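> sequence first, predicted model second:
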Amino acid sequence: MLRCLRVRISHLLREEEIAWFQMSKTKDVLEGDNNTKYFHLVANGKYRKSRIFQLEGNNNIIKDETELKEHITSYYQNLFGPPEENNFTMLESRIEDIPQVSDFENDILTAEFAEAKVKAAIFQMEHNKAPGPDGFPAEFYQVFWEVIKVDLMAMFHDFHKEDLPLFSLNFGIITLLPKCQETIRIQQYRPICLLNVSFKIFTKVATNRINFVSQKVIQPSQTAFLPGRYILEGVMILHETIHELHRKN
């Protein structure tokens, strides 16, 4: 009898939890964007989560906004600074061990950008991604394709003629995301860069073109970042190699 009562209480508590969860979702749908107290509470909560109020650094606590900016900038400049000098060379005349594209493939890679290819690339882009500095997500380009396609293709035409100033598109906003709840050091943040979708369209179209010859010119040992190849293949090969070495002593 006691066990049945406990099961019944647990069931009622679960139903109450589900009811409150559904009520919160309904409130979010009805009042999420309205200028209400609920909206301001949500907005302020997100602001507090994303804002850095203090950090540990240089054996002290940094709270001043200017000092915080200098500390964060200095950290990432040292982390992603200029690379060390090396003796690597890129000899264009050395092609014996490098797969080459054919004249037909080269013509495809260097041809003018076709409207159908650009449209296909745009409609391959995923939804619900964070927009860049201009605020336009991929859905905007998909819904209003017929309206903006002339201007967009004009940009691709200038790009093919090497007349397009890419620096005006290739910029982003770097955002720091906390890796854990109690973030007290800059090392506990993960930087992401939000780029404009207009620039991502160029990289998507270029990626689709390169995929046409990528399997031919990139060696099989490159097991990541290519369609049909998986990064874990390298891990499995290494595991099997070590296992075989141990087995044969």
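Right, received. Where do you want to start?

> and T207, what does it touch?
With contacts defined as CB atoms under 8 Å, 6 or more residues apart in numbering, T207 has no neighbours. Any C-beta I mention is one placed from the backbone N, CA and C, and that applies to glycine too.

> what's the answer for E105, then?
By CB under 8 Å, 6+ apart, the contact set of E105 is 212-213.

> try 6 Å this time
V213 (CB atoms under 6 Å, 6 or more residues apart in numbering).

> so how far is V213 from it?
5 Å (CB to CB, to the nearest Å).

> can I see the domain layout of this protein?
Following automatic domain parsing, the chain resolves into domains at 2-51, 218-249.

> lowest average pLDDT across those domains?
Note on the domains of the chain: lowest mean pLDDT is at domain 2-51, with a mean of 69.

> first to last residue in that domain, what's the distance?
Taking CA to CA, to the nearest Å as the measure, domain 2-51 stretches 50 Å from start to finish.

> likewise for stretch 74-88?
29 Å.

> for I173, helix, strand, or coil?
strand (DSSP: H, G, I helix; E, B strand; the rest coil).

> with L177 instead?
strand.

> any idea which element the spatially closest residue to it that is not a sequence neighbour lies in?
Closest residue in space to L177, ignoring its immediate chain neighbours: R190 at 4.9 Å, by CB to CB, 6 or more residues apart in numbering. Here R190, judged by DSSP states H and E, is contained in strand 189-195.

> report pLDDT for the closest residue to I192 other than its chain neighbours.
Nearest residue to I192 in three dimensions, chain neighbours excluded: T175, at 5.4 Å (CB to CB, 6+ apart). pLDDT recorded at T175 is 83.

> distance-wise, check T175 relative to K248.
Distance of T175 to K248, computed by CB to CB: 51 Å.

> more neighbours, these two?
Using other CB atoms under 10 Å as the criterion, T175 and K248 rank with T175 on top: 13 against 6.

> circling back to that earlier point, just checking, the residue nearest to I192 touches P191?
No: taking CB atoms under 6 Å as the definition, T175 is not a contact partner of P191, at 7.1 Å.

> what about the strands in the chain?
Ranges of strands within the chain are 55-57, 60-62, 172-178, 189-195, based on DSSP state E.

> how far off centre is the last one?
Okay, so that is strand 189-195. Its chain's average C-alpha position is 8 Å from that of strand 189-195, according to CA atoms, centre = their mean, to the nearest Å.

> and that strand, which strands flank it?
Sheet partners assigned to strand 189-195 using DSSP bridges are listed as strand 172-178 (antiparallel).

> buried residues, the strand it pairs with. List them.
L176 (16 or more other CB atoms under 10 Å).

> give me the residues contacting it.
The contact list for strand 172-178 (CB under 6 Å, 6+ apart) reads 133, 189-195.

> count the neighbours of R14 for me.
The burial count for R14: 10, using other CB under 10 Å.

> please disregard the earlier target; I meant S93.
If you count neighbours by other CB under 10 Å, S93 ends up with 5.

> and it, how close does it get to K179?
Distance, S93 to K179, using CB to CB: 47 Å.

> repeat that for L226.
28 Å.

> can you check F113 too?
F113 is 40 Å from K179, by CB to CB.

> higher neighbour count, those two?
Legend: neighbour count by other CB under 10 Å for F113 and K179, higher for F113 (19 against 10).
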